[in-house]
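A.B. asks: structure here, sequence nowhere to be found:
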């Protein structure tokens, strides 16, 4: 994927509210999680300290349970700093993009593409975070069985939020320490 291609996809993507409006019935699950989770003061201060512009494209599906759980966390992080420009794009409406970011030979979502200010690709992260996988493994590989539609425990949400925040921070530091961008910005 090159910067021109990624810019085209970013330009075709939607802001949070417009993305949720594509399926208002399913968007309710997203809004429940969004309302359930908040950034801590420490997390907010960290994000507010980001100074490099970061383009972030979340390849998702409004129908996807993992997206409904993790998407609102990603949105909370992005809305805490105007340097983070986040947009949402439907995986199934952009199969060419989905094919390029497959994970373990699967069309997984959510997949987040992090880019520099000029749309140069920096990182792709997603499907599920480590804490999300740990929780799923405990439920599916152990004696317990998850109940469909059960509320997501706050502890799991906070751990998954921190996983996403860690990746945002890693990408920001990569951008902040980039020789190319330091030269461009004179810092």
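C.D. replies: Yep, it's here. Owing to the predicted nature of the structure, the values given are computational and were not obtained by experimental measurement. Residues are numbered from 1 along each chain as shown.

A.B. asks: and the closest residue to residue 113 other than its chain neighbours, helix, strand or coil?
C.D. replies: Setting aside the residues directly before and after it, residue 113 is nearest to residue 57 in space (C-beta to C-beta, 6 or more residues apart in numbering), at 4.5 Å. In short, each C-beta sits where N, CA and C put it, glycine included. Assigned with DSSP: H, G, I helix; E, B strand; the rest coil, residue 57 falls in the strand class.

A.B. asks: got the contact list for residue 57?
C.D. replies: 6, 9, 10, 13, 86, 87, 88, 89, 112, 113, 115 (C-beta atoms under 8 Å, 6 or more residues apart in numbering).

A.B. asks: helices or strands up against the helix or strand harbouring residue 160?
C.D. replies: Residue 160 belongs to helix 154-177 when assigned by DSSP states H and E. Judged by 3 or more C-beta pairs under 8 Å, 6 or more residues apart in numbering; DSSP states H and E, helix 154-177 is in contact with helix 24-36, helix 41-48, strand 54-60, helix 65-79, strand 111-116, strand 121-126, helix 130-140.

A.B. asks: any idea how far the most centrally placed residue in the chain lies from residue 84?
C.D. replies: The residue lying closest to the centre of the chain (C-alpha atoms, centre = their mean) is residue 74, at 4.4 Å. To residue 84, residue 74 is 10 Å away according to C-beta to C-beta, to the nearest Å.

A.B. asks: go on, residue 31?
C.D. replies: 20 Å.

A.B. asks: and the two? Which one has more around it.
C.D. replies: Using other C-beta atoms under 10 Å as the criterion, residue 31 and residue 84 rank with residue 84 on top: 21 against 13.
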